[in-house]
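> sequence and predicted structure, then a few things I'm wondering about:
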Amino acid sequence: MAKKITIALAGNPNSGKSSIFNMLTGARQHVGNYPGVTVEKKEGLFKYAGYKITAVDLPGTYSLTAYSMEELVARTFIIDEQPDVVVDIVDSSNIERNLYLAIQLIEMDVPLILAFNMSDIAKQKGLVFDIEQLSGLLEARIVSTVGSKGKGKTELLNAIIETARQEKTERIHKINYGDEIETELAIIEPLITNTEQQLAEKYNSRWLAVKLLEQDSEITEKIRNKELLEAVTTSIEHLRTIFGDEPEIIIADRRYGFISGACQETIKSTVEARHSRSDMIDAVVTNRTLGLPIFLLLMYLVFFLTFKLGEYPMGWLEQFFGWAGATIANFWPAGSESWLKSLLVDGVIGGVGGVIVFLPNILLLFLAIALLEDSGYMARAAFIMDNIMHKIGLHGKSFIPMLIGFGCSIPAIMGTRILENRRSRLTTIMVIPLMSCGAKLTIYMLIIPAFFPHQWRGPVLWLIYLTGIVLAIICIKVLRLTIFRGETIPFVMELPPYRMPTLNSVLIHMWQRGWMYLRKAGTIILAISIILWAAGSYPKPGQKSLEGLNPEQAQQTKLRYSVIGRFGQAIEPVLKPLGFDWKIGTALIGATAAKEVFVSQLAIVYAVNETTDKSGKSVAPTLREKLQANYTPLTGFCIMLFCLISTPCVATVVMTRQETNSWAWAFFQFLGLTALAYTLTFIVYQFGSLIV
Ligand code: GDP
Ligand code: MG
């Protein structure tokens, strides 16, 4: 008994489906443009290698939405008849457009073969495919054919038989639709499996979820469950507000992005033939020689603007907190020693205010990141980094969570979920804290203006960020060669088309992150500020020991006597070789809880004798003057270097534990980075001292 196999031939119109059908079945079906009859599907029977094969030539479609009759016929056949193999006839001379259908078949999770037809024309056009890599990325067999000449027949037949015999395996690569859409999918997909069991058995549930977000009428009609329908409506509404566009369009964009990324990696064009606007921009932006300089220049621009534009609102906020502190202090008679006054003025306003003044910088940085993300440049940045990343043993995709790390390590570590390989993922998580997050920016914002002349501020900030990136690269290399050794599986980098970022979406992104920062200032940092204030104010030395001292000396004596002062002094010998004194030591301890606390703690340490200042002078400039008077620029730089590398904040450690599912990795990260910070700062300070 010969086994029976059904195969479906799908593909864009004029990709050569009928030619391939004829080639396989030996029929003489009409070939060529033939409008009007495309809706029909045609069946043919033939035998090969002991199999009875039924081939079905489906109508030509560009997509598998339910918009046209052709699409519906093709889709219904593939879903309802469940052919053993779907052969997607791809016009390989026009690959990006043709792969859109392929991507949808991949998402439907059908057993798929791609026939790269028109390979003769592709060759004429000078296109060279890395078939093996592309096939790996798409997880489908690829066979080159020339349908009109019957070339590739045996290869195609063998591939069909093999695919039909194969056990179905889970796909590794899924198109990543981006955080926002993925979040909604993660809500809808389980709802489908729970409420629409019959559908979920028949169709791939992720595919269903995507279709629902795309507002596919045919699939939506099949849904009976009210709760699910409501969830879908909410998700769509939510996505509409974020993107200012229909989710369907964004989803299509991501698919094109996936294709574009896959093609950039696997197709070389010996003849330059680029058309679309995105391609034209990409020709410059992702250019081999220009790409990296443009990327670095853009990054530099971002930091320059963050600094320059942020100066003005920062000045206003400083004045505001200075005024607020003075106003509150005025409730008490001059020279009063009230603990409540000290708590409010030094602890709360000094601490939290010292952190909030940097909000404009943070917002500007996040604005820039949101603009780069929404315009589609971020994906290019990852693409540009892909070459370098491959050299150090990671995929360029790892660069995306690392870029998010410039905002905050927490979402960045969560963002590593897009990496499928555990070793790549762990490596990326380990180095994410080396990306200067928004909280570390507050430290740089305090230190840089205090020690560096105007024209050097931008470059120094840029240098610090760059140091983090370079260190991350070195660490990755080392980790990949040692504990996280192993192969990198290739996968696709999505390159969505460039789009004008919508004001709405950029503002939402900026605000979400800015709000996180503010909330942190109002909660964790407020609490820590108060604890640190208490630890810095108590126990108090006896009145006697303060007699005859000027206010400055009295302040130092009090601080030395306090809990935190004692602790700082205890660790001072360890910090001395880095150029840090015990006061910086106390701030470093605070920074472990949250990086911004470094600033608020220094503000508290140095602000206490400033409260009687009647001119209403604000705390932050005074703090800078104090730092200037007490430390050298070298120490200033070392502070930034140490804070850049050292101990990730508590929240990051917890997140690492959560995402790696192991305290061991969390501690490894914590201790490893601290040791690295110590060593490097030691070297810089010791060598620096010799030179300066
Ligand atoms: P369909 O619309 O997908 O069924 O495409 P057809 O099979 O009708 O083919 C469209 C046109 O492309 C016809 O003129 C074919 O002869 C031609 N054709 C099909 N395959 C190839 C190929 O591999 N190379 C070249 N040069 N032409 C092809
Ligand atoms: Mg045809």
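It's in. Being a predicted model, the structure only gives us computed values, none of them experimental. Numbers count the residues shown, from 1 in each chain. Ligands and ions are numbered 1, 2, ... in the order given.
> tell me where this protein has strands.
Under the criterion DSSP state E, the chain contains strands at 3-11, 42-48, 51-57, 85-91, 112-117, 127-129, 141-144, 267-269.
> most packed of those strands?
strand 85-91 (a mean of 28; mean count of other CB atoms under 10 Å). Glycine gets a C-beta too; all of them are placed from N, C-alpha and C.
> listing partners with orientation, what would you give for it?
Using DSSP bridges, the strands paired with strand 85-91 are strand 3-11 (parallel), strand 112-117 (parallel).
> in TSV, list those along with distance to Lys47 and mean pLDDT.
As requested, those are exported to TSV (distance: least, CB to CB, whole Å; pLDDT from 0 to 100):
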stretch	distance to Lys47	mean pLDDT
strand 3-11	10	93
strand 112-117	19	95
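> among the ones you listed, which is nearest ligand 1?
Taking CB to the nearest ligand atom, strand 112-117 is the member of the strands paired with strand 85-91 nearest to ligand 1, at 4.6 Å.
> dump stretch 309-323 to PDB, restricted to CA.
Provided in PDB are the C-alpha atoms of stretch 309-323 (Å, rounded to 0.1, in the frame of the first residue of the first chain):
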ATOM      1  CA  LEU A 309      18.900  71.300  27.900                       C
ATOM      2  CA  GLY A 310      18.500  69.800  31.300                       C
ATOM      3  CA  GLU A 311      20.600  72.600  32.900                       C
ATOM      4  CA  TYR A 312      17.800  75.100  33.000                       C
ATOM      5  CA  PRO A 313      15.000  73.200  34.600                       C
ATOM      6  CA  MET A 314      17.500  71.700  36.900                       C
ATOM      7  CA  GLY A 315      18.500  75.200  38.000                       C
ATOM      8  CA  TRP A 316      14.800  76.000  38.700                       C
ATOM      9  CA  LEU A 317      14.300  72.900  40.700                       C
ATOM     10  CA  GLU A 318      17.500  73.600  42.800                       C
ATOM     11  CA  GLN A 319      16.200  77.100  43.500                       C
ATOM     12  CA  PHE A 320      12.800  75.600  44.500                       C
ATOM     13  CA  PHE A 321      14.200  73.100  47.000                       C
ATOM     14  CA  GLY A 322      16.600  75.800  48.300                       C
ATOM     15  CA  TRP A 323      13.700  78.000  48.900                       C
END
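> pull out the buried positions in it.
For stretch 309-323, a neighbour-count test (16 or more other CB atoms under 10 Å) marks Gly310, Met314, Leu317, Glu318, Gln319, Phe321, Gly322 as buried.
> kindly report the same for stretch 539-552.
Quick answer for stretch 539-552 (16+ other CB under 10 Å): Leu546.
> if we can go back for a sec, now render the strands paired with strand 85-91 as CSV, adding distance to ligand 1.
Formatted as CSV, the strands paired with strand 85-91 follow (distance: least, CB to the nearest ligand atom, whole Å):
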stretch, distance to ligand 1
strand 3-11, 5
strand 112-117, 5
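> looking at those strands, which is nearest to Leu466?
Closest of these to Leu466 is strand 112-117, at 42.2 Å (criterion: CB to CB).
> neighbouring contacts of that closest one?
Applying CB atoms under 8 Å, 6 or more residues apart in numbering, the set of residues contacting strand 112-117 from outside is 11, 15-16, 19-20, 85-92, 102, 105-106, 122, 129, 131, 135, 138, 140-147, 152, 156, 159-160, 163.
> same thing but 7 Å
15-16, 20, 85-92, 102, 105-106, 129, 138, 140-145, 147, 156, 159-160, 163 (CB atoms under 7 Å, 6 or more residues apart in numbering).
> could you do stretch 191-207 as well?
Everything outside stretch 191-207 that qualifies as a contact, by CB under 7 Å, 6+ apart, is 79, 107-109, 185, 189, 208-209, 222-223, 225, 227-228, 231.
> repeat that for stretch 351-361.
Outside stretch 351-361, the residues that reach it (CB under 7 Å, 6+ apart) are 306, 310, 313-314, 317-318, 321, 441-442, 445, 514, 517-518, 521, 525-526, 529, 533, 596, 599-600, 603-604, 619-620.
> next one: stretch 55-62
The contact list for stretch 55-62 (CB under 7 Å, 6+ apart) reads 6-15, 17-18, 21, 24-25, 29, 38-44, 70-71, 73-74, 77, 83, 100-101.
> next step: those restricted to helices.
Lys17, Ser18, Phe21, Leu24, Thr25, Glu70, Glu71, Val73, Ala74, Tyr100, Leu101 (DSSP state H).
> which one among those residues gets closest to Ala450?
Using CB to CB, the ones in helices among the contacts of stretch 55-62 come closest to Ala450 at Tyr100, 55.0 Å.
> for the closest one, give me the pLDDT.
Looking at Tyr100, its pLDDT is 90.
> contacts only, for it.
Tyr100 neighbours (CB under 7 Å, 6+ apart): Tyr62, Ser63, Arg255, Tyr256, Ile259.
> next up, the contacts around the second one.
Residues in contact with Ser63 (CB under 7 Å, 6+ apart) are Glu71, Tyr100, Leu101, Gln104.
> quick one, phi/psi of it?
Backbone torsions of Ser63, given as degrees, to the nearest 10, read phi -150, psi 180.
> what about it, distance to ligand 1?
The spacing between Ser63 and ligand 1, counted by CB to the nearest ligand atom, to the nearest Å, is 15 Å.
> go on, the fourth one?
Using CB to the nearest ligand atom, one gets 22 Å for the distance from Tyr256 to ligand 1.
> I'd guessed that residue sits against Pro497; true?
Yes - if you go by CB atoms under 7 Å, Tyr256 and Pro497 touch, sitting 6.1 Å apart.
> all set now, cheers.
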